[in-house]
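Novice: Everything below, folded, please.
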Amino acid sequence: MKFIIALLSTIILINSLQGDEIILKQDKGKIVVNIDGNLFTEYLYANHGRSKPVFYPIIGPGGTRMTRDFPFKKGTPGEASDHPHHASLWFTHGQVNGISFWHVGKNTGVIKHQKILKLEGNTLSTANKWLSAKGEEQCSDVTTISFTAEGENRAIDFDITIHASAGDVIFGDTKEGSMGIRTNPALRLRGSVAKGNAINSEGISGKSVWGKRAEWVDYWGKIGKQTVGVAIFDHPSNPRHPTWWHARDYGLVAANPFGVHDFERKPKGTGDLKLKSGDKLNFKYRFLFHIGDVKAAQIGDKWTQWAK
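Specialist: Numbering: from 1, shown residues only. Down below sits the predicted model:
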């Protein structure tokens, strides 16, 4: 018991030395992430009615809700109830061996949690299987997720390794993917409550960020009395970096390295990526929930520091 208390004290001390106390706690079907005693997010991996692990809610700077409530909660003022598969924040893809893991419904795939591999300090590692509607394994993944904080800013880092664990696997050429978020409706670029702005690392702004390649994309706007935003970073080591962005004016923002046909009007299948049995594929992403607009938050500099 003394050892456990000492270990917990060490974990809290390490995170405190980094500027903020970050505590991860396992609950029924979820991991709760608190920063300085306040809820940041919950990683929902079981018993939540979704076909894949997701993060909900996500509480950003100043206690601001950063993602849409629907489909977890209905009737939030100003929210659209479209695209029920846009569940806060997630990783998946719309065509894996011809099966959609992006959508929900009949004959769609399920990313099924297998076990927690690590829960230590500010880091969580999980193992998951990608199953067809009939329960047939298509591939698997090991995902490591880390949480950091600097002042009011909050970040989630993903290190995702896909394993061709059940034979050859093809991640197909479709815009429906992959590392995505559905923002608070105030960060939309259009709509009754929209106050959002968008820009990418190439200086392309507004709805024109859709389908373009970039190192990062940032959406920001005023929610309540303060300006906040979310930037998504694509790591230089990722396949096909800089990635294309399935980033819409209604609040969907997703990094997608596969959808070449849709994004560049090239022949179908151009963006297919095949893994032979036993091969693996690694992706790294960061979500930065920040105070201020893209300039005040120094998003370009933040990406450069992270990408080293």
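
Novice: Relative to residue 142, how far out is residue 110?
Specialist: Residue 110 sits 17 Å away from residue 142, taking Cβ to Cβ, to the nearest Å as the criterion. All C-beta atoms are positioned from the backbone trio N, CA, C, and that covers glycine.

Novice: I meant to write residue 234 there.
Specialist: For residue 234, the distance to residue 142 equals 20 Å [Cβ to Cβ].

Novice: ok, these two, which is more surrounded?
Specialist: Comparing residue 234 with residue 142 by neighbour count (other Cβ atoms under 10 Å), the higher total belongs to residue 234, at 27 against 18.

Novice: what bridges to that one?
Specialist: residue 285 (DSSP bridges).

Novice: Dump stretch 282-294 to CSV, restricted to CA.
Specialist: Below are the C-alpha coordinates for stretch 282-294, written out as CSV (Å, rounded to 0.1, in the frame of the first residue of the first chain):
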residue,chain,number,x,y,z
ASN,A,282,1.9,4.2,-38.0
PHE,A,283,0.2,7.6,-37.7
LYS,A,284,0.8,10.4,-35.2
TYR,A,285,-1.6,13.3,-34.7
ARG,A,286,-2.1,16.1,-32.2
PHE,A,287,-5.3,18.0,-31.2
LEU,A,288,-4.5,21.3,-29.6
PHE,A,289,-7.4,23.1,-27.9
HIS,A,290,-6.2,26.6,-27.6
ILE,A,291,-7.2,30.1,-26.3
GLY,A,292,-7.2,32.9,-28.9
ASP,A,293,-7.2,32.9,-32.7
VAL,A,294,-4.6,31.2,-34.9
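
Novice: That stretch: which residues count as buried?
Specialist: Within stretch 282-294, the residues scored as buried using 16 or more other Cβ atoms under 10 Å are 283, 284, 285, 286, 287, 288, 289, 290, 291, 292, 293, 294.

Novice: Closest to residue 302 out of those?
Specialist: residue 288 (6.2 Å; Cβ to Cβ).

Novice: For the buried residues of stretch 282-294, could you give me TSV that also reports distance to residue 306, secondary structure and pLDDT?
Specialist: Listed next are these as TSV, based on distance: Cβ to Cβ, whole Å; DSSP: H, G, I helix; E, B strand; the rest coil; pLDDT from 0 to 100:
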residue	distance to residue 306	secondary structure	pLDDT
283	14	strand	98
284	9	strand	98
285	10	strand	99
286	6	strand	99
287	11	strand	99
288	8	strand	98
289	14	strand	98
290	13	strand	98
291	17	strand	98
292	18	coil	98
293	19	coil	98
294	15	coil	98
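
Novice: Now distance to residue 70 too, for those, in CSV please.
Specialist: Shown next, in CSV, are these (distance: Cβ to Cβ, whole Å):
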residue, distance to residue 70
283, 27
284, 29
285, 23
286, 25
287, 19
288, 24
289, 19
290, 24
291, 25
292, 27
293, 26
294, 26
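
Novice: so where's this structure uncertain?
Specialist: Residues of the chain that meet the criterion pLDDT under 70 lie in 1-19.

Novice: can you give me the helices in the stretch 151-300 of the chain?
Specialist: Along the stretch 151-300 of the chain, the segments classed as helices by DSSP state H, counting those that start in this stretch run 260-264, 299-307.

Novice: List the contacts of the last one.
Specialist: Contacts made with helix 299-307 from outside it, assessed by Cβ atoms under 8 Å, 6 or more residues apart in numbering, are listed as 201, 215, 216, 218, 231, 233, 235, 236, 286, 288, 290.
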